[in-house]
Structure formats: C-alpha cells, structure tokens
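**Q** Model the following, please.
(one chain, ligands or ions: 1)
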Amino acid sequence: MITRLVLLGATGDLAGRFLLPALAGLLGDGTLPDDLRVVGAAQQDWDDETFREHVAERLRQYAPDVPQSAHRSLLAGLQYRRFDPQDPATVVHAVETVHGPDGPRAPVAVYLALPPRTFAPTLRALAQADLPEGSRIAVEKPFGEGLDDALALDDLLTRVTDARGVSAYRVDHILGMPRVQDVVALRSPGGPLEAAWDGAHLRQVDILWDETLGLAGRERFYDGVGAVKDVVQNHLLQVLALVAMEPPADGSEQALHDAKAQALRSVRTLTPDDVPARTRRARYGAGTLTAPDGTPGTAVGGYAQQDGVDPARGTETYGELLLEVDSPRWAGTTFVVRNGKALGTSRKGVALHFRGTAPQVDPADADRVSDTELWIELDGPQRSSAAPAVHVNAPGELSAYGRVLTDVLSGGTRTSVSSAESELAWRIVEPVLSVWAAGGVPLLEYAAGSAGPAQS
Ligand SMILES: O=C1O[C@H](COP(=O)(O)O)[C@@H](O)[C@H](O)[C@H]1O
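**A** Take a look at the predicted model:
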C-alpha cells in the first residue's frame, strides 16, 4: 500500500468535500496506516499551519462522524506546498516534500484534483519529478475537454507513466458508489434479474443523476464544462457500460474493463440528424433550490446570471441522451442517460422499465415503483420510493471516494476507467456536443427546484 500522497488542487471543492474527508474516514477505520503522509498543493501562498486550519474546518463540515482521533491523525501528517501547473519546479518540490528527508525511496501517489485544462501542463511537470517505480498518477474527470484533447492527454499520461513503471489511474468515483457493483451482481449469472436482462424484457433503461444542488460557487469551473462532459461522458456511460455489457470472461479486473469497453463500442453513434430528436439540453433559471431533506431551500438566480458564467457560451446544466446498444441482447431497448443540476429531487440510479410485469426482487436490491418499473438507487442503501432522496452510506461502508482512494493507494483498478473506455465514451458524446455547439438543438430553460424542462 502506498503511504505517500501528493494532492494537487488540495484547497478546491473536490478535495475539501470528498477527498480529505474520505482520507480521514480511511484512517478512522484502520484502512490506511497512521504514518500516511499527505502533501497538499494548490495555488494559494499558504504555510502548513494555514492549510491544516483549512482542512480542519472542512473535516468538521464534511466528516463530522469520523472520530476526532482520525481528524488529528490526518492533520498531523499534512504539509502544504504552493503549486502552479505552469511552473514545473513547484510540482517537483511537492513530490520531493512527500519523499521526506530520506529522499525518493517509497512509491508515491499523485492525485490531480484539478480543472481539466491544467492536466496536461501538470503531467508534463510530473515528467520531471522523481517518481519511484510503483508510483501512481490519478487523474480526475472530465478526462479531457473533448475527444481530440482526451486522446492527446491519454498519450501524454502514457508517456509520463509507462516508461518509468508508474501506473495511470483515470478516476471515476461513481464506480466506488456502494451499490454500483451490486447492479452487476443483480444481472450476473445466477443473479435475480439475469433472465430478464435483455431487450425482450426491458423496453427502456434510464440511467439518471438528478441533483438538487446548483453550482454553489463552482460556476467558473463548470461554465467550461457542462452536464455532458461533467457527468454523462464519464459517470453515466460507465453505468451504462456495466448495465449493457456481456458477463466478463472471468473475475479479473482486466476482463471487467474489456467487457465494459465492448459495451461502449456497441452504442450506436448518433448522426447529426439523430441529435435533435434524441438529445435535450437546458439550463436552470431563477427558482428555489430543494434542501437535502426535500423541502424548499434557498432562492437562487438563474445559472446564466451567476458570476463567472458567460451566458453566450450556452453551457447546459441539464443534458439528456437517448441511446441504443447494437447487440443481440439489447435489440429494441432505449437507454436514457441524464444529468441535471438544481432539480426538485435528488437521486442517482437505474430505472428498469419492463415490457410486462417486473420480476419479484428483494426490496434490498431494488424498489418497486410500479408493476412494470424497478428503481435501483446507486448512491447509498436501497430506499423505498416514498422515502426522501438522501445519499448516505450505510454505517461502516466506505464512501465512493473512500473506495477510490483505497484503490489508488493499493493498486486496484475497479474505480478507474481504462484508456479504451475513456476514448469510446468520448466518441459517444462528441457528435452530440458538436451539433449542440452549432446551435442545432435549442437550449431550454427550467426553473431551479423544478422537475427539469417541460416534456421531460
Ligand atoms: O462528479 C460530480 O459529482 C457532484 C455530485 O456529487 P454528489 O455525490 O454530491 O451528488 C456533481 O455536483 C459534480 O458536478 C460532478 O462533477
């Protein structure tokens, strides 16, 4: 297990809300050793103490249930270095700091929790750092800003890692959500839905990631991205791959990646003529956000009016694609993939629409929404469809980022996306994005806190 971690982008939202709380959780449950050494690096000109205070505050906010002893243990092992992706010396310095006074002996994990446009300069800078064999470089999503950019980035990542015995890790935290692997079990040989897992039984499969959160101060990052690059290209197409794949050849991680890649390869490419009929894009206007308990929360202005947003760019906060999978198993099934922000309900999961009565399943596996529809919640324990949509992990379960970090530090690949999967997923969304960019599909508006644009 790697015990030296450099967290680039350590003062950002992802680090503060997910990565640092997850590290504290892993220290708290004994998954990570107490001698874990973490160097946080970001653009602020801070010292170690200022960074520790910042992290302590994030842990109070986002890891209140993790024992205080684990907070203390994480804080004690934290150091901070200023980092500028355009200045390779700052990256090299952060890596040297994590090695400590004995120099580069133990492998290091470097986690790029950064905006996508900074991945390439950071990787080039990492090429100059001393990363011992066995080290890992983990890159967050969106992996690339488009197909060509993703291919160039992948090439760069391979060049920086392969020759030095360092491994690359393309993070997708949905793969670490507690119930995502359970979906695989449900449809696997011997699973309760195995016999009904095809187009003869399922007329439609919805893969949904509906958020009640707006952009909450992340507009500057998000405006260059949008719902398709932020969530559909990665998280939702990964779930589609797990749903649509044929059973992997064996139980190995490689066989799983191969099966997912084959499923993505089978997704029918949308032609420019298909895109207007099979996709929708929208952004939220003024309204009232929904609070985590499902009640009306704060009033917000429209996305286009927020600081950091260029309204002319037409960035979508809601994207929906209707896809077909060209394989004998899935003839006649429509796959709907959708992400939206500032919606009235929060849920992440898979809705299975059967042609006839849905099979009987254990309520722990799926919710029965109607005679013909089952809902599998992905983020947290199964909940009754009548219950408020909250995303909590069952006590004692790892959070999604807890699983990601465990994988990154221990060498697993289940929460990582292969180079082929990443490319194939870009090939699915690229035709959509180019028709959207040319104005071929209207940008609809929906009120914040509503169910999304009309005719959803
Ligand atoms: O990956 C992402 O996830 C968050 C939502 O995560 P949640 O688990 O809190 O629902 C989303 O807001 C963000 O845009 C996206 O990049």
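
**Q** Okay, now the unreliable bits of the stretch 351-456 of the chain?
**A** Along the stretch 351-456 of the chain, segments meeting pLDDT under 70 span 380-396, 456.

**Q** ok, the residue of the chain found nearest the ligand - how many residues close by?
**A** Closest contact between the chain and the ligand, by C-beta to the nearest ligand atom, is at residue 230 (4.7 Å). C-beta coordinates here come from the backbone N, C-alpha and C atoms, glycine included. Residue 230 has 23 neighbours, counted by other C-beta atoms under 10 Å.

**Q** ok, residue 261 touching residue 417?
**A** No: using C-beta atoms under 8 Å, residue 261 makes no contact with residue 417, being 9.6 Å away.

**Q** Of the two, which one has the most company?
**A** More crowded of residue 261 and residue 417, by other C-beta under 10 Å: residue 417, with 26 against 21.

**Q** Quick check: closest non-adjacent residue to the more buried one.
**A** residue 170 (4.4 Å; C-beta to C-beta, 6 or more residues apart in numbering).

**Q** Which strand residues bridge the one you found?
**A** residue 139 (DSSP bridges).

**Q** residues contacting it?
**A** Shown in contact with residue 170 (C-beta atoms under 8 Å, 6 or more residues apart in numbering): 138, 139, 141, 143, 416, 417, 418, 419, 422.

**Q** Give the closest residue to the fifth one in space, chain neighbours not counted.
**A** In space, not counting the residues next to it along the chain, residue 416 is nearest to residue 169; the distance is 4.6 Å by C-beta to C-beta, 6+ apart.

**Q** What is the burial count for that neighbour?
**A** Residues near residue 169, counting by other C-beta under 10 Å: 24.

**Q** Confirm for me that it is in contact with residue 141.
**A** No: Residue 169 lies out of contact with residue 141 (C-beta under 8 Å); the separation is 11.5 Å.

**Q** From the structure, what's the count of residues near the closest residue in space to residue 313 that isn't next to it in sequence?
**A** Once flanking residues are discounted, residue 313 sits nearest to residue 223: 6.2 Å by C-beta to C-beta, 6+ apart. By the criterion of other C-beta under 10 Å, residue 223 has 19 neighbours.

**Q** wait, isn't residue 223 in contact with residue 310?
**A** Yes: with contacts defined as C-beta under 8 Å, residue 223 counts as touching residue 310 at a distance of 6.2 Å.

**Q** So what's the gap between stretch 214-221 and the chain middle?
**A** Here stretch 214-221 is found 16 Å from its chain centre; the criterion is C-alpha atoms, centre = their mean, to the nearest Å.

**Q** Low-confidence bits of the chain, can you list those?
**A** In the predicted model, the chain carries pLDDT under 70 at residues 380-396, 456.
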